[in-house]
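Chemist: Quick one: sequence and predicted model below, then my questions.
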Amino acid sequence: MAEPVSMSAAKKAKANFEKVAKKKPDPEGLSVAEQAQTALTGKDFATAKDLFEKAQAVCEGSEAKAVKVPKAPKPAGEQNVGKTAASTKEEEPEVEKEVNLPQPGSEGHLVAKNKANLPANARNFAINTPEGMAAHLAATGGKWQTRFPPEPNGYLHIGHAKAMFFDFGVAAKFGGQTYLRFDDTNPAAEKQEYIDSIKSSVAWLGHQPFKTTYSSDYFDQLHLFAVELIKKGKAYVCHQSKPETAASRQILQGFQLHCARNNLPRYDTPLPAGGAESPYRDRGVEENLRLFDEMRKGVWDEGSCALRMKCDLRSDITSMWDLAAYRIKFEAHPHSKDEYCIYPTYDYTHCLVDSLENVTHSLCTLEFETRQAPNGPYYWLLDSLDLYKPITWEFARCNITYNVMSKRKLNTLVTRGYVNGWDDPRLLTLEGLRRRGYTPAAVNRFCYELGVTRNDNVQPLGKLETCIREELDDAADRRFAVLDPLPITITNHPGTPLPVHCPLHPKYLERGNRTVNLTPTVYVERGDFREVDDKSFFGLAPSKTVRLLFGYNITCTGVRRDEAGNVVSVEAIFDAESLGTKPPKGTLHWASTEFVRGEVRVYDKLFTVEIPGKRDGAGGSAGEASSGAGVDAAGGAGAGEEDDEEDGGAVDWLTQLNPHSLVIHKGCLLEPSIAEVAGPLSDSAGPPRFQLQRLGYFTVDKDSTTAAPVLSRIVTLKESKELKALNKV
């Protein structure tokens with residue numbers, strides 16, 4: 001008996017196919033691959049693997065060639081999409097910084113979406129009528145209109161920053177405008193706290209929506225559309241339970257595989273009897289209208305029924321299998337209050353509000369690609385209601401190593417106490433990045449560097465860190481701090497403080513100096529002293545001379561120990577003539593007795609592996625979305641703007657958390673000028689940022705006060721380069 005085929009084997013076959021298809025996109029091979037994807041979605045991994053291998057073989061033997069997309073020119077000014085001063089590294093693959101989208105009112109807008117090789121009997125629903133397009137252009141004046149539509153059920157993360165950068169950037173490039181639209185269709189999960197945070201994050205990144213709207217603004221109109229659908233025979237009230245709906249979908253998946261394996265035309269092949277269709281699918285219009293009205297009046301219990309769209313059960317797009325349009329939720333809504341006890345799903349609401357707001361370009365991540373296919377539910381619904389149809393375009397979501405990006409996993413980390421709230425600096429939430437000390441410019445530059453690829457990928461965390469490090473290398477003034485102080489008594493010190501003038505920035509001497517006094521006792525890092533020296537150690541050791549950065553040379557003359565034999569202090573002499581001379585091999589940062597005590601939080605990677613949840617912790621893309629989500633009678637599986645990534649790894653991702661992702665140093669010694677700016681932060685000015693020399697870039701945390709400063713590490717130094725520069729001082 002053959003061993004069962006694993007998910008990873010099927011995905012590996014898919015990856016191998018995609019490599020070949022990228023160069024030789026044979027239409028027949030692509031069609032077979034669609035069947036394979038259906039099998040993969042249905043968790044029939046053996047069939048998926050066989051079909052992907054078949055598709056690969058077809059493409060390998062084909063004469064088809066990929067059409068090379070010409071590289072877009074670099075933007076000339078700051079208003080262009082994704083303008084940045086930085087260029088991509090030569091060793092990194094080329095990514096498109098812009099994408100060519102159809103102009104409003106063009107032929108590519110009239111036919112809002114096209115797809116080569118539509119399945120037989122499938123219809124392109126994405127075609128606007130001339131009258132509908134004329135009405136749309138009259139309403140917009142031909143302007144580009146995009147939208148950024150977050151769900152107010154959590155905090156935004158770096159992936160949303162990428163979406164904002166694209167949504168707002170595309171519109172701004174062409175003199176258009178962007179809606180900030182809250183997709184508030186699930187009152188059970190939404191909070192004003194999230195709405196306020198989202199607005200703050202959008203403004204922090206420098207984006208200015210021309211209008212802020214809510215899907216709930218359109219609840220009355222959406223309800224009228226639902227009634228119209230019922231009257232047209234295109235929606236019905238369904239009482240199937242969640243298990244019953246899942247069973248129906250399994251039968252439909254089996255039907256798809258049966259047709260694919262036997263090369264049968266789906267639309268000429270009868271559906272399996274006994275469960276493929278909902279038993280309520282053929283209810284009459286009047287009965288459906290009555291039941292839907294009863295749903296609205298609260299007659300039916302929550303979860304007992306839902307209004308489902310009557311789409312196409314033979315479609316190879318699983319989201320065409322009668323998704324829910326309305327479900328019952330006895331929850332008061334933040335905006336509509338208790339006017340409704342039925343709420344529209346994302347799949348129903350998204351396209352309708354796009355149309356009502358005359359959005360020209362609806363830009364989403366790739367997990368929505370099949371929903372927004374020309375023969376998918378997005379355009380099916382608009383076509384069924386004779387509404388204007390926007391252009392849709394999908395791009396790869398943002399995945400970053402050593403992090404998780406799904407709201408579900410982020411919520412787990414927060415609610416179970418693995419991190420300290422949604423603004424924990426270890427998270428890549430925008431609140432977390434902001435508290436960590438990242439700047440809007442660094443985040444936007446990172447988004448620009450990502451480009452607008454449609455290929456699933458995982459970006460190295462180092463790329464994000466480079467964006468802030470390179471900015472702070474020039475922007476941040478230098479300071480001293482000692483995290484683990486070891487006292488050094490200078491036995492030949494004259495007693496009065498000796499001023500040492502330290503440049504605020506060694507590369508920009510015009511910024512001036514700050515003065516640090518050499519006192520009779522100074523402090524260095526405990527790790528910068530060893531009792532046994534070796535040639536690879538550049539710190540202090542008995543009888544060894546080092547330079548105190550920007551100051552004098554000192555030579556260790558003695559060591560004091562406690563009863564346990566641990567070193568508690570060091571004695572040294574200083575060379576009064578060494579100031580400004582060529583330094584010895586070792587150069588150390590230091591503190592005087594005039595420094596103040598404070599706390600320093602050193603943040604590191606949140607996980608110990610690149611891809612949390614993967615068996616080997618690396619490789620592949622994080623989070624492959626299925627081609628369509630299931631739907632139960634209560635409508636609970638409708639997707640939102642952000643689907644969770646799939647757990648395909650067989651490893652508990654929580655066991656891969658880094659136990660050293662936060663190390664807190666108390667009793668650190670900080671330059672007095674740090675304490676002067678360590679008080680409550682204002683919303684208008686960003687937090688102070690410094691380079692603590694030899695330690696990294698740091699910012700003042702919100703927990704900080706002038707009496708008890710708290711610093712957080714933003715990012716490490718690029719040590720090899722930095723230490724070379726310091727040793728030349």
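Modeler: All right, it came through fine.
Chemist: from here on, contacts and neighbour counts on C-alpha atoms
Modeler: Will do.
Chemist: What helices and strands are in contact with the lengthiest helix in the chain?
Modeler: Assignment by DSSP state H gives helix 242-261 as the longest helix of the chain. Applying 3 or more Cα pairs under 8 Å, 6 or more residues apart in numbering; DSSP states H and E, one finds that helix 242-261 makes contact with helix 27-41.
Chemist: Enumerate the positions of the helix it packs on that are buried.
Modeler: Across helix 27-41, burial judged by 16 or more other Cα atoms under 10 Å covers 27, 29-41.
Chemist: so residue 445 is in which element?
Modeler: Using DSSP states H and E, residue 445 sits in helix 440-450.
Chemist: Could you list every helix and strand in contact with that helix?
Modeler: Looks like helix 440-450 contacts helix 158-173, helix 461-475 (3+ Cα pairs under 8 Å, 6+ apart).
Chemist: Quickly compare those helices and say which is most buried.
Modeler: helix 158-173 (a mean of 23; mean count of other Cα atoms under 10 Å).
Chemist: Can you give the distance of whichever helix or strand comes after that one from its chain's centre?
Modeler: Next in sequence after helix 158-173, counting helices and strands by DSSP H and E, comes strand 177-182. Between the centre of strand 177-182 and the centre of its host chain there is 19 Å, according to Cα atoms, centre = their mean, to the nearest Å.
Chemist: Give the partner strands of strand 177-182 in its sheet and their orientations.
Modeler: Strand pairing for strand 177-182, using DSSP bridges, gives strand 145-148 (parallel), strand 211-214 (parallel).
Chemist: contact partners of that strand?
Modeler: 143-152, 167-168, 171, 195, 208-215 (Cα atoms under 8 Å, 6 or more residues apart in numbering).
Chemist: which of these count as buried?
Modeler: In those, the ones that pass as buried (16+ other Cα under 10 Å) are 143-152, 167-168, 171, 195, 208-209, 213-215.
Chemist: on that earlier part again, in a markdown table, list the strands paired with strand 177-182 along with mean pLDDT.
Modeler: A markdown table is the format used below for those (pLDDT from 0 to 100):
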| stretch | mean pLDDT |
| --- | --- |
| strand 145-148 | 97 |
| strand 211-214 | 97 |
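Chemist: Export those strands as TSV, with columns for distance to residue 604.
Modeler: Formatted as TSV, those follow (distance: least, Cα to Cα, whole Å):
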stretch	distance to residue 604
strand 145-148	31
strand 211-214	37
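Chemist: right, so of those, which gets closest to residue 608?
Modeler: When these are ranked by distance to residue 608, counting by Cα to Cα, first place goes to strand 145-148 at 33.0 Å.
Chemist: per-residue confidence at residue 628?
Modeler: Listed pLDDT for residue 628 reads 35.
Chemist: which regions of the chain lie under the pLDDT threshold?
Modeler: For the chain, the stretches with pLDDT under 70 are 1-3, 64-98, 616-650, 682-685, 719-729.
Chemist: Need the residue closest to the centroid of it.
Modeler: Centrality entry for the chain: nearest residue to the mean C-alpha point is residue 159, 2.2 Å, by Cα atoms, centre = their mean.
Chemist: Backbone dihedrals for residue 189, please?
Modeler: phi -110, psi 0 (degrees, to the nearest 10).
Chemist: got the contact list for the nearest residue to it once chain neighbours are set aside?
Modeler: Leaving aside its chain neighbours, residue 189 sits nearest to residue 153 (5.2 Å; criterion: Cα to Cα, 6 or more residues apart in numbering). Going by Cα under 8 Å, 6+ apart, residue 153 touches 189, 190, 191, 194.
Chemist: Just the buried subset of the residues you listed, please.
Modeler: By 16+ other Cα under 10 Å, those give 190, 194 as buried.
Chemist: which residues of the stretch 451-600 of the chain fall in strands?
Modeler: Ranges of strands in the stretch 451-600 of the chain, per DSSP state E, counting those that start in this stretch, are 458-459, 477-479, 481-482, 485-490, 498-503, 513-518, 521-525, 545-548, 553-561, 567-575, 587-588, 591-592, 596-603.
Chemist: what packs against the fifth one?
Modeler: The reference is to strand 498-503. Short answer (3+ Cα pairs under 8 Å, 6+ apart): strand 498-503 packs on strand 513-518.
Chemist: Just the angle for the strand it packs on relative to strand 485-490, thanks.
Modeler: 70 degrees (axes from the mean of the first three to the mean of the last three Cα atoms, to 10 degrees).
Chemist: Between strand 498-503 and strand 513-518, find me the angle.
Modeler: Using the same axes, to 10 degrees: strand 513-518 against strand 498-503 is 150 degrees.
Chemist: Please enumerate the helices of the stretch 251-400 of the chain.
Modeler: 285-297, 346-356, 377-384 (DSSP state H, counting those that start in this stretch).
Chemist: Tell me which of the ones you listed approaches residue 693 most closely.
Modeler: helix 346-356 (50.2 Å).
Chemist: Could you report the distance from residue 251 to residue 272?
Modeler: 7 Å (Cα to Cα, to the nearest Å).
Chemist: of those two, who's got more company?
Modeler: Higher neighbour count among residue 251 and residue 272: residue 251, with 19 against 12, using other Cα atoms under 10 Å.
Chemist: So what's the residue count around the nearest residue to the more buried one once chain neighbours are set aside?
Modeler: Residue nearest to residue 251 in three dimensions, not counting chain neighbours: residue 276, with 5.5 Å by Cα to Cα, 6+ apart. For residue 276, the neighbour count with other Cα under 10 Å is 20.
Chemist: rewinding a little: what strand or helix carries the residue nearest to residue 189?
Modeler: Going by DSSP H and E, residue 153 is not part of any helix or strand.
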